[in-house]
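Enquirer: this one's structure only:
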Ligand SMILES: CCCCCCCCCCCCCC(=O)O
């Protein structure tokens, strides 16, 4: 449970609109992300040597999308690189919370209505695009904890992995690569990913603040190196600013 001071800090930020739901208390795993500048993970970054096993070849439209393909993208994608039906594992997100690791303040906490029972039927989650409204102060934070709560259908997830690419226009700000690992069937899981925010040049920060929603991210979710979900997000950093000041 978060403390009192976190509730007040949350009000400083405009949260995206999702339905509010019933809070679930779960065991929390902390996954430290493996990250590197310019879009490449460091050697031996993922457990089990997944990178070494994979043969890197050029990707052609229609072919399954693997981690090496998305790690080489040099811009935000125009299209989704998989269909909703590719989520054959029925991974369903039910909560997303962001906190400032340094102060502990909760920046946002969004929940979806979820039945108590984990459903076996595949429910297509059509919410794969979101706009976040943050304040300029967000860009001064050093470390963010993002808690993800999700349920899994009747098939186990092997090597569940999230690769996230953040761009301002065509400038790659940072790649985050989180190995979530194995998830058992019919489970509800909670993990926290730690994002170390990049040191950005002051002029880039100014441009990001002045150009809402030109900062974007692609979140690619893989099971066994196969893309099963692709989510997109856009960010503004103007919340709480006087609109007349530009
Ligand atoms: C300033 C560079 C951008 C770094 C931002 C890192 C924090 C973003 C956490 C939220 C990511 C959510 C992605 C999504 O909803 O698909």
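Expert: Great, that's in hand. Fair warning: this is a prediction, and the values are worked out from it, not measured in the lab.

Enquirer: When you work out contacts or count neighbours from here on, use the C-alpha atoms and nothing else.
Expert: Noted.

Enquirer: Please list the residues of the protein that sit near the ligand.
Expert: Counting by C-alpha under 6 Å from any ligand atom, the chain comes close to the ligand at 139, 166, 173, 195, 197, 219, 231-233.

Enquirer: Which pair of those residues spans the longest distance?
Expert: 139 and 231 (21.7 Å; C-alpha to C-alpha).

Enquirer: What number of residues are in the vicinity of residue 84?
Expert: Per other C-alpha atoms under 10 Å, the neighbour tally for residue 84 reads 16.

Enquirer: So it is in contact with residue 229, correct?
Expert: Yes. Residue 84 is within contact range of residue 229, at 7.0 Å (criterion: C-alpha atoms under 8 Å).

Enquirer: among the helices and strands of the chain, which has the poorest mean pLDDT?
Expert: When each helix and strand of the chain is scored by mean pLDDT, DSSP states H and E, helix 4-10 comes last, with a mean of 30.

Enquirer: which is the next helix or strand following the helix or strand encompassing residue 173?
Expert: Under the criterion of DSSP states H and E, residue 173 resides in strand 171-183. Under the assignment DSSP H and E, the closest C-terminal helix or strand after strand 171-183 is strand 188-196.

Enquirer: between that following strand and strand 171-183, how many degrees?
Expert: 150 degrees (axes from the mean of the first three to the mean of the last three C-alpha atoms, to 10 degrees).

Enquirer: Residue 224 and residue 182, how far apart?
Expert: Distance, residue 224 to residue 182, by C-alpha to C-alpha, to the nearest Å: 10 Å.

Enquirer: Give me the common contacts of these two.
Expert: Taking C-alpha atoms under 8 Å, 6 or more residues apart in numbering as the contact rule, residue 224 and residue 182 both touch 157-160.

Enquirer: Tell me the buried residues in the top helix by length along the chain?
Expert: Using DSSP state H, we find that the single longest helix of the chain is helix 202-210. Across helix 202-210, burial judged by 16 or more other C-alpha atoms under 10 Å covers 205, 208-209.

Enquirer: and the helix or strand just after it with strand 171-183, angle?
Expert: Going down the chain from helix 202-210, the next helix or strand is strand 215-223, by DSSP H and E. Strand 215-223 and strand 171-183 are oriented at 30 degrees to each other (the same axes, to 10 degrees).

Enquirer: Could you give the number of residues near residue 159?
Expert: Residue 159 has 20 nearby residues by other C-alpha under 10 Å.

Enquirer: Would you mind measuring from it to residue 218?
Expert: Shown here: residue 159 relative to residue 218, a distance of 19 Å by C-alpha to C-alpha.

Enquirer: now the helices for the chain?
Expert: Here the chain has its helices, by DSSP H, at 4-10, 50-53, 67-71, 202-210.

Enquirer: and those, which one's lowest on average pLDDT?
Expert: When the helices of the chain are ranked by mean pLDDT, helix 4-10 comes last with a mean of 30.

Enquirer: Low-confidence regions, this protein specifically.
Expert: 1-57, 113-125, 242-246 (pLDDT under 70).

Enquirer: Report the buried residues of the strand holding residue 173.
Expert: With burial defined by 16+ other C-alpha under 10 Å, the residues of strand 171-183 counted as buried are 172-181, 183.

Enquirer: Same check on stretch 106-113?
Expert: 106-112.

Enquirer: which ones among those are found in strands?
Expert: Residues from the buried residues of stretch 106-113 lying in strands, with DSSP state E as the criterion: 106-111.

Enquirer: residue contacts, residue 151?
Expert: Residue 151 makes contacts with 90-94, 118, 186-189, as judged by C-alpha under 8 Å, 6+ apart.
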